[in-house]
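**Student:** Structure of the sequence below:
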Amino acid sequence: MALKNYAWATVESVANTLFQFIALVILTKFLTPSDYGVWGMIAIFIAVGNMLVDSGLGGALVKDKHPQRIDYNTLFCFNMLVSILFYLVLFFSANAISRFYGIQELVSYIRIYGLVIIISAFGIVQITQLVKELRFKELAFLAIIANIMGIGVAVVMAVKGFHVWCLVAQQVVTITVRVILSFLVCRYIPRIEFSKKSLKQQFGFGGSILFSNLISTVYNNIVSSIIPKIGTVAQNGYYMQAAKIQGVPQTITTNVVDKVVFPELSKMPEDKLLHEARRLIRMIFPLVSLCFLVCICLAKPLVLLVLGKQWLESVGYLKILLFGGFGSVYMYLARSLFKASGRTAIILKTTIIKSLIGLSIIALSSIWGVWGIVYGFVVISVVNSVVSSFYLKKCLDYPIKEQISDIKIGLFIIVIGVIYSVVVQ
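**Tutor:** Residues are numbered from 1 along each chain as shown. Alright, predicted model coming up:
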């Protein structure tokens, strides 16, 4: 694998995450926990919309050695249709959602933000082509410019007292600029052209990923929808901010894996795939584990530095979520291996299993309130890792003993984190 691909993919991922982090630092000076709590209520709809646009079918074209123009146009038409239909559902459901939470302003937030789903669909083909051609340098610059524009607008609006609207504007501007720039860089103009055969082939690979992503997205964001009902809007805000900080190392890792590792592994012969994947796991997992350990040890000063004293209640949430992040990263590495080997049906199967188990744990842990749910994440993380490990052994002939050997350094780092949390703090 070309080192420059890793470098530029990392730059893109770090840029996206870093700018979101910068926005977090600046905007928390002007917004309240309740503002972020309200934003968290619509997070599940935001995430589902983004997931449907990036439907998983693009991965089929990345894996395909010789995709044709009709394949890209089919992807474009399908994504546009799905995005418009989802936006209409979201538009007409906005009133019901606002009544459920008892916040009338949610109607406007949902309907305006929902436009991002349609805007994103315009750029899916260009982004897919750039990834397929390993043009990570251009992708990095797109991310940097789009994020600067989005944050700039959000900060100006926050200063002028627009509260939740500045978060909506940040996302709308960032996505719009990214799509416009992707057209300029890729210079590919989609046509209204559709092939049932092409869609069927793309669904053969990406269909399972689409449904898997749908389940995962709803499942992963369901907590931010539950907390306001069993706790308070402010508690949801504290949880959301802790989740954002926890997501920094995890997001960078998963983006690099998805943008570089998957395209590269997809080109490898079956007999070399597992060997290369194991090498990557031995390299990536300890590094990410070390990042999580550092964040656990520095959780309080990190929150004070990034968010300020008014967000100190986020510290406890952050520490617990960081422990859950260990398992999430390993699960994603396993997912990418299944995806690269073409075994996407396994991804859907394991996602269903993990989600059912996870929802059961959340339902049980909710008896102990918000903190019970957050602690439940650690249990879910362990269970998900075990499920992933079992299917790696079963489907890819990757023995559990060898898996443990490959991640032993990361496991040692986790043990250090547990000891530090129990003994030192």
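**Student:** The stretch 301-425 of the chain: helices as residue ranges?
**Tutor:** Remark: helices assigned in the stretch 301-425 of the chain by DSSP state H, counting those that start in this stretch are 314-340, 344-365, 369-396, 400-406, 408-419.
**Student:** How much space separates the spatially most central residue of the chain from T344?
**Tutor:** Centroid-nearest residue in the chain: T251, 6.3 Å away (criterion: CA atoms, centre = their mean). According to CB to CB, to the nearest Å, T251 and T344 sit 22 Å apart. Yep, even glycine has a C-beta here, placed from its N, CA and C like the rest.
**Student:** any idea which of the helices of the stretch 301-425 of the chain is most buried?
**Tutor:** helix 314-340 (a mean of 23; mean count of other CB atoms under 10 Å).
**Student:** What does the pLDDT read for V14?
**Tutor:** pLDDT, V14: 70.
**Student:** Quick one: residues contacting it.
**Tutor:** Residues counted as contacts of V14 (CB atoms under 8 Å, 6 or more residues apart in numbering) are I252.
**Student:** now for the helix or strand containing the residue nearest to the centre of the chain, which elements pack on it?
**Tutor:** Using DSSP states H and E, T251 sits in helix 233-256. Contact here means 3 or more CB pairs under 8 Å, 6 or more residues apart in numbering; DSSP states H and E; on that basis helix 233-256 packs against helix 3-27, helix 33-41, helix 196-230, helix 270-297, helix 299-306, helix 314-340, helix 369-396.
**Student:** can you rerun that using 7 Å?
**Tutor:** helix 3-27, helix 33-41, helix 196-230, helix 270-297, helix 314-340 (3 or more CB pairs under 7 Å, 6 or more residues apart in numbering; DSSP states H and E).
**Student:** Y238: which of these is closest?
**Tutor:** Closest to Y238 of the helices and strands packed on helix 233-256 is helix 314-340 (CB to CB; 4.6 Å).
**Student:** and the angle from that closest one to helix 369-396?
**Tutor:** 20 degrees (axes from the mean of the first three to the mean of the last three CA atoms, to 10 degrees).
**Student:** Average pLDDT for helix 314-340, rounded please.
**Tutor:** Across helix 314-340, pLDDT averages out at 82.
**Student:** Check which residues of stretch 132-150 are buried.
**Tutor:** Using 16 or more other CB atoms under 10 Å as the test for burial, stretch 132-150 gives 132, 134-147, 149-150.
**Student:** how distant is it from the center of its chain?
**Tutor:** Put simply, stretch 132-150 sits 17 Å off its chain's centre (CA atoms, centre = their mean, to the nearest Å).
**Student:** helix or strand right after the one helix or strand in the chain whose mean pLDDT sits lowest?
**Tutor:** Ranked by mean pLDDT, DSSP states H and E, the weakest helix or strand in the chain is helix 57-63, scoring a mean of 64. Later in the chain than helix 57-63, the nearest helix or strand by DSSP H and E is helix 69-101.
**Student:** centre of the chain versus that next one, how much separation?
**Tutor:** Its chain's C-alpha centre and that of helix 69-101 lie 19 Å apart, by CA atoms, centre = their mean.
**Student:** 869 is where my numbering starts, stick with that
**Tutor:** Right, with 869 as the first residue, what we last looked at is helix 937-969.
**Student:** which other helices and strands contact it?
**Tutor:** Using 3+ CB pairs under 7 Å, 6+ apart, helix 937-969 is in contact with helix 911-921, helix 925-931, helix 974-981, helix 983-1000, helix 1064-1098.
**Student:** Sort out which residues of it are buried, please.
**Tutor:** Buried-residue list, helix 937-969, by 16+ other CB under 10 Å: 939-948, 950-951, 954-955, 958, 961-962, 965-966, 969.
**Student:** just to revisit the earlier point, confidence-wise, which of the helices and strands packed on helix 937-969 is weakest overall?
**Tutor:** helix 925-931 (a mean of 64).
**Student:** State the mean pLDDT of stretch 1106-1116.
**Tutor:** The model assigns stretch 1106-1116 a mean pLDDT of 80.
**Student:** That stretch: which residues count as buried?
**Tutor:** Neighbour-count burial for stretch 1106-1116 flags Y1106, Y1107, M1108, Q1109, A1110, A1111, K1112, I1113, Q1114, G1115, V1116 (criterion: 16+ other CB under 10 Å).
**Student:** how about low-confidence regions in the stretch 1169-1293 of the chain?
**Tutor:** Counting by pLDDT under 70, the stretch 1169-1293 of the chain shows low-confidence ranges at 1290-1293.
**Student:** Return the helix holding T1119 as CSV; C-alpha atoms alone will do.
**Tutor:** As requested, the backbone C-alpha atoms of helix 1101-1124 are provided in CSV (Å, rounded to 0.1, in the frame of the first residue of the first chain):
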residue,chain,number,x,y,z
VAL,A,1101,-32.3,17.8,27.9
ALA,A,1102,-29.2,19.2,29.6
GLN,A,1103,-28.0,15.7,30.4
ASN,A,1104,-28.4,14.8,26.8
GLY,A,1105,-26.2,17.8,26.0
TYR,A,1106,-23.5,16.6,28.4
TYR,A,1107,-23.7,13.1,26.9
MET,A,1108,-23.5,14.5,23.3
GLN,A,1109,-20.4,16.5,24.0
ALA,A,1110,-18.7,13.6,25.7
ALA,A,1111,-19.5,11.4,22.7
LYS,A,1112,-18.0,14.0,20.3
ILE,A,1113,-14.7,14.0,22.2
GLN,A,1114,-14.7,10.2,22.5
GLY,A,1115,-15.4,10.0,18.8
VAL,A,1116,-12.2,11.9,17.7
PRO,A,1117,-9.7,9.0,17.7
GLN,A,1118,-12.4,6.5,16.7
THR,A,1119,-13.6,8.6,13.7
ILE,A,1120,-10.1,9.2,12.5
THR,A,1121,-9.4,5.5,12.6
THR,A,1122,-12.6,4.3,10.9
ASN,A,1123,-12.3,6.9,8.2
VAL,A,1124,-8.8,5.9,7.3
